[in-house]
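In: Got a sequence here, can you build the structure:
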Amino acid sequence: MSIRDLLLRGDAAFTPSEEKIVQLLLTDYPTSGLGTATSLARKAGVSDPTVVRLVMKLGFDGFPDFQSKLLAEVESRLHSPLLMMEAKRHDHTGTGKDDGPALSYMRSVMDSLDKAMSTTPASTYDRATRLVTESKGRVILLGGRFSRHVAGMLAGYLVQFRPGIVELGAISATAFDTLIDVDRRDVLIVFDYRRYQLDVVAFAEQAASRGVRIVLFTDPWLSPIAQYAEVTIVSPLEVASPYDTLAPAIAQVEALVANMLSNMNDATRNRIERLEDIRRDNAVTLDNARALARLAKSPKADSRNFPGPKTSRQEQ
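Out: As a prediction, the model looks like this:
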């Protein structure tokens, strides 16, 4: 089993400080593990003994033993024909011809999704799930200029699972006013990707100073918020475009939701059912009889906008 596989094992019980090291190792694997234990500890923002405890928990006699195995992996890959074939596979268009910019872009997004699976271990999703579902206060969601829309998607899921969900949307002076009421019972879920938004970083920093626990979605270069985050979920950004992709971030949001659903209790199930009742009573969607009847009575309703069997003018 490779060191990467050991780090990604779902049954590994890492402490929050150990998870910071694991995240750093996975984000820049294997390079991040090739320096000294002290340099690794400094980059992860933890102590030297924490690094030693982690590698021993992984089954190594110490950091030199861990690094020896990592160097052996590097040497093996440098001489592996499989590595060369893998590199060519990623450089190839996949069809033996130029498919154009759209399909080439889609393939680069698929590569980013593959990378996203190897940058965040299952234990990180478990820890994020516990923070969000067990919080006694509010869960506040915040993002940057583009990533705030991903934050909004997650908020739409979370409101079905628990009360106290606050989506700040585009950050403003009013958003900063919410800091007056936050404390250690609250959780902040924040999305911040390069080039990192100053007001988002400032909000997270001030929330952390008030005891708020932070779940951060960010990129491999790590937002400045990472130093305050209890959980960090890293997403690759680079694709065949001058613009970064948020597709892996959306997949990670949905993975977090899936993880929460796997731990759903009766209270959560009842909340979802009550919410569906409210939507049904108010004919929010077109999947119930009341909504269809309301649409049918509309003066503008005709065969072009009424969802049902189409008929000719003669049949009407």
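
In: can you give me the helices in the stretch 101-250 of the chain?
Out: Ranges of helices in the stretch 101-250 of the chain, per DSSP state H, counting those that start in this stretch, are 101-117, 122-134, 147-161, 173-177, 198-209, 247-262.

In: Quick check: which ranges of this structure have low pLDDT?
Out: 10, 76-98, 287-316 (pLDDT under 70).

In: switch the cut-off to 80
Out: For the chain, the stretches with pLDDT under 80 are 1, 9-12, 28, 74-99, 284-316.

In: Bridge partners for Val190, pull those for me.
Out: Leu142, Leu216 (DSSP bridges).

In: Run through the strands of the stretch 1-150 of the chain in chain order.
Out: Remark: strands assigned in the stretch 1-150 of the chain by DSSP state E, counting those that start in this stretch are 139-143.

In: Ala226 reaches Thr232, doesn't it?
Out: Yes - under the criterion of Cβ atoms under 8 Å, Ala226 makes contact with Thr232 at 5.4 Å. Where you see a C-beta, it was placed from the backbone N, CA and C, and this is true even at glycine.

In: intersection of neighbour lists for these two?
Out: Shared contacts of Ala226 and Thr232, defined by Cβ atoms under 8 Å, 6 or more residues apart in numbering, are found at 216, 218.

In: Look at Arg42 and say how many residues are nearby.
Out: 14 (other Cβ atoms under 10 Å).

In: Start at 29, not 1
Out: With the count now opening at 29, the last piece we talked about shows up as Arg70.

In: how much space is there between it and Ile49?
Out: According to Cβ to Cβ, to the nearest Å, Arg70 and Ile49 sit 11 Å apart.

In: Next up, the contacts around the closest residue to Phe174 other than its chain neighbours.
Out: In space, and not counting its chain neighbours, Phe174 is closest to Leu274: 6.6 Å by Cβ to Cβ, 6 or more residues apart in numbering. Leu274 sits next to 174-175, 178, 221, 263 when contact means Cβ under 8 Å, 6+ apart.

In: Let's see if you can find the most crowded of these.
Out: Busiest of those [other Cβ under 10 Å] is Ser263, holding 28 neighbours.

In: Please name the residues that touch that one.
Out: 140, 144, 147, 221, 245-247, 274, 276-277, 280.

In: Check the gap between it and Ser269 for me.
Out: On the measure of Cβ to Cβ, Ser263 and Ser269 end up 15 Å apart.

In: for Gly184, same thing?
Out: In this view, Gly184 and Ser269 are 27 Å apart by Cβ to Cβ.

In: re the thing from before, want to try TSV for the helices of the stretch 129-278 of the chain, with distance to Arg81 as columns?
Out: Output for the helices of the stretch 129-278 of the chain, formatted as TSV (distance: least, Cβ to Cβ, whole Å):
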stretch	distance to Arg81
helix 129-145	26
helix 150-162	16
helix 175-189	33
helix 201-205	39
helix 226-237	25
helix 275-290	26
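
In: The residue nearest to Arg213 when sequence neighbours are not counted: neighbouring residues, count only.
Out: The shortest distance from Arg213 to any non-neighbouring residue, by Cβ to Cβ, 6+ apart, is to Gly165 (3.1 Å). Gly165 sits with 15 neighbouring residues when counted by other Cβ under 10 Å.

In: pretty sure Gly165 is in contact with Asp209, am I right?
Out: No - using Cβ under 8 Å, Gly165 is not in contact with Asp209; the gap is 9.2 Å.

In: Mind listing residues that contact stretch 145-163?
Out: Applying Cβ under 8 Å, 6+ apart, the external contacts of stretch 145-163 come out as 32, 35-38, 40-42, 44, 47, 50-51, 54-55, 57, 167, 186, 189-190, 192, 213-215, 217, 241, 243, 248, 258-264, 280, 283-284, 287-288, 291.

In: just stretch 193-211 next, same as before
Out: Counting by Cβ under 8 Å, 6+ apart, 165-170, 176, 179-180, 183, 186-187, 216, 225, 227-228, 231, 234-235, 238-240 sit against stretch 193-211.
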